[in-house]
Every structure is written in C-alpha cells, then in structure tokens.
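# Predicted coordinates and the sequence they were generated for:
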Amino acid sequence: MKRMSAVAAGVVLLLGTAVGTAAADSSGSSVIAGSTSSALSAQVATPAAVPSGCSAGYLCFWVNIGYSDGPGKLSGSNTNWTAFSHSTCQTGTWNDCASSIYNDGVNDNAVVYTDAGYSGSSGVIDRGVGGDLSAAWNDVISSNSWVAP
C-alpha cells in the first residue's frame, strides 16, 4: 500500500550501513536508513562516496539495498516512474522499486515522492548523499523533482 500509516511513517529501521544522512519527509520518516534528522532539509554529517555506475548530474537508485541491481538514473523532474522500465522490478518499471538511492546531482537536492504527480509523502535527498532507503521509503517512490539547497 502506497499510503504510509502513522505508525509506519514514524519508524526508521536500519536496513544496512547508512553511508550518509538524508531528510525526513513531511510525516517525519527518514528517507535514508539510519538518518535521525527531523527537518525537511538534510543535515549531512558524512557525504557518501559515489556508488559505481552513478554519473554526475543524476539521481541514481537500485532495486536492492547496498546499491545492487541498477542503477536507474534520472536527471530531470519525472512525474511518473512507470515510464522507466527495469526488468527485475515487480512491475517491470522503476515505480515502487527503489531500495537504495544516491543523489549525484550537479547543483540541486533531489525530492522524492511516494505517489506519481509529485504527490503523497515527500523527502529530500541532499546532493552527495545516499544509502539504503528506510523501511518506510523502501519500494514506494513514484516520482521525483529537484530543489535548490
């Protein structure tokens, strides 16, 4: 189910070693596992190293935790991730399929949304930050945009 309950939204589970921090969404749930930030803007403690396959200027994401099976790469704002196919995703598209993510954008922070059309819960991933998605964000991202830091 794409809508997160209040209980699920408040729970942040460490799925693996977080290699950076990211912002909480509007419900207070952190996008990156291990992050404890409660503000919309991320407080970056340690920038993550750019994962293999992720190029400058892209928001990159993988099917599995630990940057495995991917990356999918998007450079612009995208209203619906069903437009981007990936054969190992349950739906055959990147919609509701990302388990780890990295923002290698040139200037902006990435904003991810649980629903198409830039709606639902949203979370900000600062430029140069990534890691495994928290339990509340695993396999629920459906659109993305960008915002100046």
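That came in fine, so what should we check first?

# C-alpha from now on. contacts and neighbour counts both.
Noted.

# Centre-most residue in this structure?
By CA atoms, centre = their mean, the mean C-alpha position of the chain lies nearest to residue 101, the distance being 4.9 Å.

# looking at the sheet around that residue, what are its partners?
Counting by DSSP bridges, residue 101 is bridged to residue 61, residue 131.

# doesn't residue 62 make contact with it?
Yes. Counting by CA atoms under 8 Å, residue 62 is a contact partner of residue 101 at 6.4 Å.

# pLDDT at residue 11, what is it?
Residue 11 is assigned 21 on the pLDDT scale.

# Mind jotting down where the helices sit in the protein?
6-10 (DSSP state H).

# for it, what are the low-confidence residue spans?
Applying pLDDT under 70 to the chain flags the ranges 1-29, 34-48.

# what about 90?
Of all residues in the chain, those with pLDDT under 90 make up the ranges 1-49.
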